[in-house]
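> Compute the structure for the input listed below.
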Amino acid sequence: MTTFERAAKTLELPWPFTGREDELELIRRSSAAGHHGIVVTGPVGCGKTRLVTEAVRGTDCARVAGTPETRHLPFAAFAHLLPEPVSLHRAVQLLSAVRLLLVDDAHLLDDASAALVHQLAVHGRTRLLVVAADDVPVPGAVSRLWTGELLPRLVLEPLPHEETAQLLAAVAGGALEPLTVNRLHRLCRGDLRLLRDLLTAVRDGGLLRWLPEADAWAWRGPVPVTATVRERAGGVLDRPRPEEREVLELLAFAEPLAPHMDDFDLRVLEDLEAERLVRVDDHGAVRLAHPLHGPVLRAAAGRLRARRLARAPEQCKAALEEEAAELSRRMERADVTRSCAPVGEWLVAEGEPVPAWYGAVRARFARLRGELREAAAWAREGLRDAPEDPSCRAELALAALQSGEVTDAAADAGPHAAAWHAAARGDLDTALEAVGRTYDAVRLGTPGRWAGTGVPGLLDSASEERGEEVTREGGPERTGPWWGDDRQACDPQRSGLHADAPVDESTPDRADVFALHADALARGDGAALDRVAERLEERGFVLFAAEARAQAAHAHRDPSAARTSRTRAVALARRCQGARTPALSGLVLGELTARQRQIVTLAAAGLSNRQIAEKLTLSIRTVGNHLYSAYARLGAGGRGALPWLVELPDAQPA
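Residues are numbered from 1 along each chain as shown. Below is the predicted model:
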């Protein structure tokens, strides 16, 4: 096993603070004058201390912290603030003059210090910011801060995927491709300390390789076993019982497949499950509970044992086919909520080629969820060994077009991509004609290589701009994401629906959600579009839900309802990795401050930071800071995405 260590001279400054805007504002309000403070709890490494430190930056704040080594010493955490010796009553009197006190690692406080914090909360003269870890024993005096309702409690969840991606983009020294971001997020599960350590080891170890087609860095190959990685995996590496270690290693080398629990000693499995090191699903399949444990166990097993037990990619072919079939069935059921697909992710992590047919299915599934960057990444994986595969080329083109990256090459990737390309250029006649060719191909029995590539909103926007009905007799039919029988179910005319005959929203049929969308849009019913958006979001169609919310914002006559729909559309659009469809064009700018909108508009027009600074009489650094904040709010990767966000006179529509 190779352990990666870092020299002291390579230590870096803390990462920039990214995300957690709502939590940051809540803590700042709780620590302001007139409030008593707040308790922040969460798993180890999720960024609790950094968040609270950011919240009190620039304020006069006293700090104390618990440590394991001093838990037996009375008032050890307060030694620098209190004279010695001192009673609890005297300590409360002395610290009553402190207006803001930050108590870090409160779960490690000695009993006297914990009692002091509790008494300060009771007296209410000192505002308290208390930080404690979850899933560890906490002194009773500390836990009673929230159970006794002395202070409100903020339970900090692990950093979500979207904010993890933003953080990595800011610190990686270059763009990371989406599958690498997914892998880092999956391994670290929001543990920012582990994330930093792992990314640093990957980068310093030369494990990143440049992908010219994605213009980003990718990580393939083994997980580097750093000191932090070993610490996090100590529960499986340091098992005292050899039979437990053997079971854990067998599970590690069985990945990405899951053996059945009947293959193991059930008593050993019960002990490991009780310690939350393994999990058993409803079908009896056993997996390691944490995705980091498998790679670490494989790295620690030794070269000869690894060679004997390691699974070859060809052994996973049947499982890969079943995985793709299940994803296809999910799409056919109009359900693209997140699902577990470990075989394909394992192939990518190992640097093995991904079959084009599988890459196309994964790309389509991701794109229907609104994960456009991931969709493009899976399509590129499929094209590695099959550069001319039409399905992967179509998915890559559609992901690019929905992201606002219109290129002439997209028109060569298939009729539906050509339709999107024409619509983005404003050529609505060509767009409708291309959609018609797509359906003609399906009717004539052409192999369904374009199946599943429908893009809601394209035909709607084209028809609306031409002043036509959404559905026309003898013309291209209204579409959801599938064709065949579902086309008829999703078409208001073929379903017997008309503008004056709304769809029955109580029926549970899977295709009704698309018929509802078509009907509500044709009638201009904002409330119905909002209800459709809720159902689309429940099924995992985040981008489609964002479009429905945006359409509702335009349809509502009540300004308050329109603002609500627009706000929700913006929140959904942020999760769609830079989607710039016609329905979302210009939508997100309203989330910026007036100064940010001004700077973003100038940047989209092509002005440099220096030119903007001179025009607005600002410093270049101020302009850069505003742009960085705007990128984070808009979900944009840089200036290249701005023309698709800003409605400029000379800009193409998104």
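> And the strands in the protein?
Ranges of strands in the chain, per DSSP state E, are 3-4, 37-42, 62-65, 100-104, 127-133, 153-155, 208-211, 216-219, 225-226, 278-280, 286-288.
> looking at the ones you listed, which has the lowest confidence?
Here those differ in mean pLDDT, and the lowest is strand 3-4 at a mean of 48.
> Dump the strands of the chain to a markdown table, plus mean neighbour count.
C-beta here means a position set from N, CA and C on the backbone, and glycine is covered the same way. Shown next, in a markdown table, are the strands of the chain (neighbours: other C-beta atoms under 10 Å):
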| stretch | mean neighbour count |
| --- | --- |
| strand 3-4 | 16 |
| strand 37-42 | 24 |
| strand 62-65 | 18 |
| strand 100-104 | 22 |
| strand 127-133 | 24 |
| strand 153-155 | 15 |
| strand 208-211 | 15 |
| strand 216-219 | 22 |
| strand 225-226 | 20 |
| strand 278-280 | 18 |
| strand 286-288 | 22 |
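> Quick one: closest of those to Ser403.
Smallest distance to Ser403 across these (C-beta to C-beta): 14.0 Å, for strand 216-219.
> which secondary structure elements does the closest one contact?
helix 178-188, strand 208-211 (3 or more C-beta pairs under 8 Å, 6 or more residues apart in numbering; DSSP states H and E).
> Which one of these lies nearest to Arg308?
Closest among the helices and strands packed on strand 216-219, using C-beta to C-beta: helix 178-188, at 25.0 Å.
> who's in contact with that closest one?
With C-beta atoms under 8 Å, 6 or more residues apart in numbering as the test, helix 178-188 has contacts from 161, 164-165, 168, 176, 194-195, 198-199, 216-219, 223, 291-292, 295, 345, 348-349, 371, 373-374, 376-378, 381, 577.
> Highest mean neighbour count out of the helices and strands packed on strand 216-219?
When the helices and strands packed on strand 216-219 are scored by mean count of other C-beta atoms under 10 Å, the highest mean neighbour count falls to helix 178-188 (a mean of 22).
> from the middle of its chain, how far away would it be?
On the basis of C-alpha atoms, centre = their mean, to the nearest Å, helix 178-188 sits 10 Å off its chain's mean C-alpha point.
> follow-up on the earlier one: could you dump the strands of the chain to CSV with distance to Ala334?
Output for the strands of the chain, formatted as CSV (distance: least, C-beta to C-beta, whole Å):
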stretch, distance to Ala334
strand 3-4, 45
strand 37-42, 35
strand 62-65, 51
strand 100-104, 48
strand 127-133, 41
strand 153-155, 33
strand 208-211, 33
strand 216-219, 32
strand 225-226, 43
strand 278-280, 29
strand 286-288, 28
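> Ok, which of those comes nearest Asp263?
Nearest of the strands of the chain (C-beta to C-beta): strand 286-288, 8.0 Å.
> Low-confidence ranges, this protein, go.
1-13, 404-511, 585-591, 633-654 (pLDDT under 70).
> Now do the spatially most central residue of it against His185, distance only.
With distances taken as C-alpha atoms, centre = their mean, the chain has His161 as the residue nearest its mean C-alpha position (2.8 Å). His161 sits 5 Å away from His185, taking C-beta to C-beta, to the nearest Å as the criterion.
> Kindly reformat the helices and strands packed on strand 216-219 as JSON lines containing distance to Thr337.
Shown next, in JSON lines, are those (distance: least, C-beta to C-beta, whole Å):
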{"stretch": "helix 178-188", "distance to Thr337": "17"}
{"stretch": "strand 208-211", "distance to Thr337": "29"}
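> Which stretch among those approaches Arg364 most closely?
When the helices and strands packed on strand 216-219 are ranked by proximity to Arg364 (C-beta to C-beta), helix 178-188 comes first, at 15.2 Å.
> OK, contacts around the residue nearest to the centre of the chain?
Per C-beta under 8 Å, 6+ apart, neighbours of His161: 181-182, 185.
> Between those residues, which sits nearest Leu81?
Nearest to Leu81 among the contacts of His161 is His185, at 39.4 Å by C-beta to C-beta.
> And for the residue lying closest to Glu534 once chain neighbours are set aside, the neighbour number?
Nearest-residue entry for Glu534: Ala545, 7.5 Å, with adjacent residues in sequence omitted and distances by C-beta to C-beta, 6 or more residues apart in numbering. When neighbours are counted by other C-beta atoms under 10 Å, Ala545 registers 28.
> Contacts only, for Ala545.
533-534, 536-537, 572.
> Only whichever of those residues are buried, select them in ChimeraX.
Entered in ChimeraX, the line below selects the buried ones among the contacts of Ala545, by 16 or more other C-beta atoms under 10 Å:
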select :533,536,537,572
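> which two from the contacts of Ala545 end up farthest apart in space?
Using C-beta to C-beta, the contacts of Ala545 span at most 10.8 Å, a distance reached by Glu534 and Leu572.
> Report the beta-bridge partners for Val278.
Note on Val278: beta-bridge partners by DSSP bridges are Leu288.
> Surely it touches His290?
No - applying C-beta atoms under 8 Å, one finds Val278 not in contact with His290, separated by 9.7 Å.
> Good, wrapping up.
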